[in-house]
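*Asks:* Output the structure for:
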Amino acid sequence: MHWPASRSPLSVTTAADVPPVPAPKGAMPQKLSTFRRPAEQQQNFREVIDTLSHRLAEMGLPEEPNHRVGEFELLRHGRTGVHLSKFKGTGVEFFEPSGDAAHKLEQLTAWTMKDLSVQAFVEEHLDGLFADGRRPVIEIWYSEARDPVKHKRLHKDVGEPIFTSLHYDTDRPTDGVEFTVNDASVAKVLDRNPNNLPASIIATLRTEQQSLPPADKIYESTIDPEGGILFNNILLSHSTPGPKSRAIDPLVLKNRLPGFFERQGQNAKQAYESCLRLRQVRLTDGLSLAQSKFLYESPVARVL
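*Replies:* So this is what the prediction gives:
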C-alpha cells in the first residue's frame, strides 16, 4: 500500500463507467473514488505540505521528481484491528519523525485509511497480511510539480502497491489523473505478485478484474477543492493529465480542426480524413487508446 502526498493540483470527480458506490465493510474499496478533506484534516494537510515545501527549498532539491518522505508500518491491534506505527523517515529528513508535522501526517493518513474503506479491507485480510513475515506499510511520497509531458505514460506506482491515494493542494476544481481500467498489466502484476500478497487478496483482485470491461478507453477525473483521489493501483493504470489526451467534443473538431490542419499545409481531403478518426469521440465515452495516440502525435491542443 502506498499513499503519495502530492502538492500538484489534484481533486476528484469520477469518470464514466466507474461510478462511486459505498463499500461495505470487508469489500474491495472503490476502484476509483474522490474525496474532500474535512476542516481538521485540511489543517493537518496544510501543515504537512508547508513543512515539506520549506524543507525541499532548504535542501535545494528539485521540485519535479517524486520524493520518498518515509513510511508508516501497519501494526496488528488485537485479533481484528490495525494501527499505524510512528513515522519512519528515509535518511533525508523532511521533518522530525517525532515532531508535530509527523504527528499531523499520521492523523491525515489514518483518516485516509478509515474514511475510504481501506482499513476495512486490510482488517478483512489481517491473517494473510501478517503471515509469513509480511510487513505491510504505507509509503509517503511528495512532489511539488508534475510535468505532463514526462509523466503522460500510463503506469502503476513505484512498488506496485494495492492502493494509491493522491492528496492535492488546490483551492479550485482541477484535472485529476487520467486512467484506464483492466489493461494488460493487471494480469501480469497478479501473476508476478511482486509484493508477495496473500492468496486471499490475489483471489479478491482476480474476482474484481473479471467484473471489469476490457481496457479500450482512457478516462479523466476531476479533483474537488481541498480534495484528492484514491484508486486501486493494480486494477487501474494512470497518468498525469495532459492537454493532448483529453476526449474532445466532435462539434469542436468539426468546426475548428479542419481549418487548423489546412493552415498547417494539409489539403481539405487530408484534413477531413484526420478529423474523421476522432468524429465519434464523446466526452462521456472517454478516449480510446488509438485516439489518444493520434492526439499525442498531433498539435490539436494548440487549437482547443
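*Asks:* Just the CA atoms of the helix ranked longest in the chain, as CSV, please.
*Replies:* Longest helix of the chain, by residue count under DSSP state H: helix 39-59. Coordinates of each C-alpha in helix 39-59 appear next as CSV, following Å, rounded to 0.1, in the frame of the first residue of the first chain:
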residue,chain,number,x,y,z
ALA,A,39,-11.6,21.0,8.1
GLU,A,40,-9.5,19.3,10.7
GLN,A,41,-7.7,17.1,8.1
GLN,A,42,-7.3,20.1,5.8
GLN,A,43,-5.4,21.8,8.6
ASN,A,44,-3.2,18.7,9.1
PHE,A,45,-2.6,18.6,5.3
ARG,A,46,-1.7,22.3,5.2
GLU,A,47,0.9,22.0,8.0
VAL,A,48,2.4,18.9,6.4
ILE,A,49,2.6,20.4,2.9
ASP,A,50,4.1,23.7,4.2
THR,A,51,6.7,21.8,6.1
LEU,A,52,7.7,19.6,3.1
SER,A,53,7.8,22.6,0.7
HIS,A,54,10.0,24.6,3.1
ARG,A,55,12.4,21.6,3.5
LEU,A,56,12.5,20.9,-0.2
ALA,A,57,13.7,24.5,-0.8
GLU,A,58,16.0,24.5,2.2
MET,A,59,17.8,21.3,0.9
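*Asks:* What mean pLDDT does that helix get?
*Replies:* On average, the pLDDT along helix 39-59 is 91.
*Asks:* State the next helix or strand along the chain beyond it.
*Replies:* Using DSSP states H and E, the helix or strand that directly follows helix 39-59 along the chain is strand 67-77.
*Asks:* for that next one, which positions count as buried?
*Replies:* His67, Arg68, Val69, Gly70, Glu71, Phe72, Leu74 (16 or more other C-beta atoms under 10 Å). Quick note: C-beta positions are derived from backbone N, CA and C, even for glycine.
*Asks:* Next: stretch 48-66.
*Replies:* Val48, Ile49, Thr51, Leu52, Ser53, Arg55, Leu56.
*Asks:* okay, these in JSON lines with distance to Ile223 next?
*Replies:* Shown next, in JSON lines, are those (distance: C-beta to C-beta, whole Å):
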{"residue": "Val48", "distance to Ile223": "18"}
{"residue": "Ile49", "distance to Ile223": "15"}
{"residue": "Thr51", "distance to Ile223": "22"}
{"residue": "Leu52", "distance to Ile223": "19"}
{"residue": "Ser53", "distance to Ile223": "19"}
{"residue": "Arg55", "distance to Ile223": "25"}
{"residue": "Leu56", "distance to Ile223": "22"}
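*Asks:* Among those residues, which one lies nearest to Gly159?
*Replies:* Leu52 (20.1 Å; C-beta to C-beta).
*Asks:* Quick check: the closest one touching Ile140?
*Replies:* No: using C-beta atoms under 8 Å, Leu52 is not in contact with Ile140; the gap is 9.5 Å.
*Asks:* Ile223 versus Gly70, what's the distance?
*Replies:* With distances taken as C-beta to C-beta, to the nearest Å, Gly70 is found 24 Å from Ile223.
*Asks:* same thing with Ser143?
*Replies:* For Ser143, the distance to Ile223 - C-beta to C-beta - is 15 Å.
*Asks:* Looking at the two, which one has more neighbours?
*Replies:* Ile223 (27 against 21; other C-beta atoms under 10 Å).
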